[in-house]
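J.: With the input below, show me the fold.
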Amino acid sequence: MAFTSLYKSIHVVVNISFLFTLALFFFLSSTHPSPIHGCEATVSRNNLRSVDASEPRGYINYLYLFDCVFNNYPVIGYILLALWLLVLFYLLGNTASHYLCSALESLSGALNLSPTLAGVTLLSLGNGAPDVFSSIVSFATGGGAGGVEVGLNSVLGGAFFVSSAVLSIISISVCRSSRPAISIDRLSFFRDLCFLLVTLCFLALILIIGQIRFLEAMIFVFLYIIYIILVSMSHCCSKELGELSLPLLESIDVQQQQQSGKEIDSNLSIFKPESSESHQSWFLYLIELPLYLPRRLTIPLITEERWSKPFAVSSVTLSPILLATLWNSRTKDMNSEQSTAIFLFAALLSLLLGITAMECTENSQPPKKLQLPWLLSGFLMSVVWTYIIAGELVSLLFSIGEILGVRPSVLGVTVLAWGNSLGDLVANVAMAVNGGEDGAQIAVAGCYAGPIFNTLVGLGLSFVVSSVKAYPSPFVIASEDYSEFVLIGFIIGGLLWALVMLPMKGMKLSRALGVGLLAIYCCFLCLRVLESLEILKLGVFLNV
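T.: The predicted model follows:
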C-alpha cells in the first residue's frame, strides 16, 4: 500500500511538473519575447556557445530556449530544464515498463519461447531498454567524441551503480532485516560475475585499440548469445536451482506484475472515477492525460486487463501517421514531393488499418486470432517511443553540459546512469528484503546479469550501428581522456571485492561486502568531482 501510494505521488508530481513547465514556457515566450538577432549578439559577445553546440540534437533546441527565451530569467531556465529532465526520465522508464515490457512478455508467450530463453532475451530487453536506447542514441546523434563518451559512460556508469551501489544497499538492507544470514548460490554468482569480468576485459581491449569494425562489433554482441547458452545449460543441468538460474526472468516478472497492477489502478482511477472520490479522480485524470494519452493513442495493446477497442482502433490508425511524421522530420524540406508521398501513403494505410480494426475487434475482449501482428506493432511503437524519449533525454543532457560547462561524460556516468538505474535499485532492493532467500538470490544475480545485457547489447548494438555508418572504414572510438579506463577499473575493483568477500563469508551477504562496495563507489564519485573541478587530472597519473 505504501509503495502504491508513493508511486501515485511520483506520478502526480511528474505530471504537474510537465504542465507547469509548459505553462511557464508559453507565458514567458509570449509576454517577454527576445529578438533572435539580439540573442545571437548576446551569445556571441559572451562567447557562451560553440557553433556545433548551438545545433539541436533532438526535437527541441534547449540552448536557444535558455539563451534567448529565458535569457532574462536564468533561474527559471534552470528550474524548467530540471523539471523537464525529471519528466523525460519518468517517460523513459514508464514507457519501457508499461508498454515495451508488456509487449515483449506477450510476444514471448505468442512465440512459445521457453522461460529461460524469454528471460534472457525479450524480457531482459524490456528491463534494459532505457540504457540500450540511450547508448544507441548517444552514438548515433551525439556527434564526435562527445556522443561516444556519453554512450560509454552511461552504460558503464549504470553497470557500476548496479553492481556496486545497488548490491551494497541490498547487502546492508538484508543484514538489517534478516536475523539468519542469507546465502547466495555459488554457481550462479561465479557464472554471472566472471562473465561480467570477461565482458569488461573485451570492452577495455576495444577501447585500447581505439577502433572497431562491423565484424568485431557483431562478435561483441555475440558474446551475449554465449551468456544465454551458459544460463540455459546451468538451468538444465542443475534441477535444484530451479528458477534461481533465471535472474532476469524472475526479476522482470515480479516487477511486471507490480507495475501491471499499478497501471490497472491508474486506468480505473482515470476512466472510471468513483462517485465518492469523483473530484479527486477527475483531477488526477486531467493532470495525467497529457503524458498518458499520446502514447496510449499510438501504441497497440491487447492484454486482457488493458483492452480498449477505441484505443486499439486509434493506435493502429495513428501509428503510421506518427511514423511518417518522424521520418519526414529527418528531411530539411517537409513540403517536398517525397515527404508528401510518404504522408499520403501513411494516411491510406492508417485508413485501411483503422477500418479493419473497427470491424474485426470486439468491445469486450481483445482479438483471439492473429495476435502476432498486434503484438509486433505494439513492440514496434514501444521501441519508437522509447527511442524518441531517449534521444530527447540525451539531447537535454548535452545542452545542460554546455550550459553548466560540465563534460557530457560526467553527466552520462552520473545523471543518466542514475536515472536509468533507479528502477533496478527499487526493484532489486524490494525483492531482496521482501522475497526471502530466493528474492535475495534473484536480486543479487540481477545486479550482474543486468549490466551484462546492457554492456553487450547496448554498447554492442551501438558499435554495430556506428561501424555500419563508417563502413568500409572502421569506426573510431574517439575519447578525449582516459575516464572510461578508470571507470572500468573501478567496476572490476568492485567485482573483485565481491569475489573475495562472499566466499570468505560462506557465500552469505554481509555488512562488510556492502560497506566495501559503497566505499569503492563513493571513491569513484569523489575522483570524478575532483576531476570536474580540475583539482585532479587523471592524465597526469596516466602520463598523458
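J.: Point out where the stretch 401-544 of the chain drops to low pLDDT.
T.: 479-481, 534, 536-544 (pLDDT under 70).
J.: same thing but at 50, please
T.: Within the stretch 401-544 of the chain, the stretches with pLDDT under 50 are 544.
J.: show me where it has strands.
T.: 475-476 (DSSP state E, counting those that start in this stretch).
J.: Could I get the full set of helices for the stretch 151-300 of the chain?
T.: 167-177, 186-209, 214-237, 247-271, 278-296 (DSSP state H, counting those that start in this stretch).
J.: Go through the ones you listed and find the least confident stretch.
T.: Of all the helices of the stretch 151-300 of the chain, mean pLDDT reaches its minimum on helix 247-271 (a mean of 44).
J.: Roughly how far does the closest residue to Arg296 other than its chain neighbours sit from Leu301?
T.: Excluding its sequence neighbours, the residue lying closest to Arg296 (C-beta to C-beta, 6 or more residues apart in numbering) is Phe311, at 5.7 Å. The way it works is simple: take the backbone N, C-alpha and C, and place the C-beta from them, glycine included. Distance of Phe311 to Leu301, computed by C-beta to C-beta, to the nearest Å: 7 Å.
J.: neighbour-wise, which of these two wins?
T.: Taking other C-beta atoms under 10 Å, Phe311 and Leu301 do not tie; Leu301 has more neighbours (25 against 17).
J.: show me the contacts for Lys469.
T.: Phe475 (C-beta atoms under 8 Å, 6 or more residues apart in numbering).
J.: Could I get the full set of helices for the stretch 1-150 of the chain?
T.: If DSSP H, counting those that start in this stretch is used as the criterion, the helices of the stretch 1-150 of the chain fall at 2-31, 36-46, 51-54, 62-64, 74-95, 101-110, 115-120, 122-141, 144-160.
J.: any idea how far Asn454 is from Phe345?
T.: 36 Å.
J.: for Leu370, same thing?
T.: Distance, Leu370 to Phe345, by C-beta to C-beta: 23 Å.
J.: Settle it for me: which of the two has more neighbours?
T.: Each of Leu370 and Phe345 has its neighbours counted (other C-beta under 10 Å); Phe345 has more, 12 against 9.
J.: Name the secondary structure element that contains the more buried one.
T.: Assigned by DSSP states H and E, Phe345 belongs to helix 337-360.
J.: quick one: pLDDT of the most centrally placed residue in the chain?
T.: Central residue of the chain (C-alpha atoms, centre = their mean): Pro130, 1.2 Å from the mean position. Per-residue pLDDT puts Pro130 at 79.
J.: is it true that it touches Ala96?
T.: Yes: applying C-beta atoms under 8 Å, one finds Pro130 in contact with Ala96, separated by 5.6 Å.
J.: Now for the two: what residues contact both?
T.: Common neighbours of Pro130 and Ala96 (C-beta under 8 Å, 6+ apart) are Thr386.
J.: Low-confidence stretches in the stretch 1-150 of the chain?
T.: 1-3, 30-38, 41-42, 44-54.
J.: what about 70?
T.: In the stretch 1-150 of the chain (pLDDT under 70), the answer is 1-57, 114-121, 123, 141-146.
J.: Val476 against Ile209, yeah?
T.: No: applying C-beta under 8 Å, one finds Val476 not in contact with Ile209, separated by 10.1 Å.
J.: neighbour count winner among these two?
T.: A count of neighbours by other C-beta under 10 Å puts Val476 above the other of Val476 and Ile209, at 14 against 11.
J.: Return the set of residues that bridge with the more buried one.
T.: Counting by DSSP bridges, Val476 forms beta bridges with Gln211.
J.: how much space is there between the residue nearest to Phe214 when sequence neighbours are not counted and Gly460?
T.: The shortest distance from Phe214 to any non-neighbouring residue, by C-beta to C-beta, 6+ apart, is to Ser467 (4.3 Å). Ser467 sits 11 Å away from Gly460, going by C-beta to C-beta.
J.: what comes into contact with stretch 349-365?
T.: 304, 307, 309, 312-314, 316-321, 367.
J.: Just give me the closest of those to Tyr64.
T.: Nearest to Tyr64 out of those is Ile321 (C-beta to C-beta; 27.6 Å).
J.: Look up which helix or strand the closest one falls in, please.
T.: Ile321 belongs to helix 309-329, assigned by DSSP H and E.
J.: in that helix, what's buried?
T.: 311-320, 322-324, 328 (16 or more other C-beta atoms under 10 Å).
J.: Kindly report the same for stretch 478-494.
T.: Buried, per 16+ other C-beta under 10 Å, within stretch 478-494: 479, 481, 483-484, 486-488, 490-494.
J.: Tell me how many other residues surround the residue lying closest to Gln338 once chain neighbours are set aside.
T.: In this structure, Gln338 finds its nearest non-sequential neighbour in Thr331, 7.4 Å apart by C-beta to C-beta, 6+ apart. A count of nearby residues for Thr331, using other C-beta under 10 Å, gives 12.
J.: helix, strand or coil for Thr331?
T.: Classification of Thr331 by DSSP: H, G, I helix; E, B strand; the rest coil places it in coil.
J.: ok, it to Ile342 distance?
T.: From Thr331 to Ile342 the distance is 9 Å (C-beta to C-beta).
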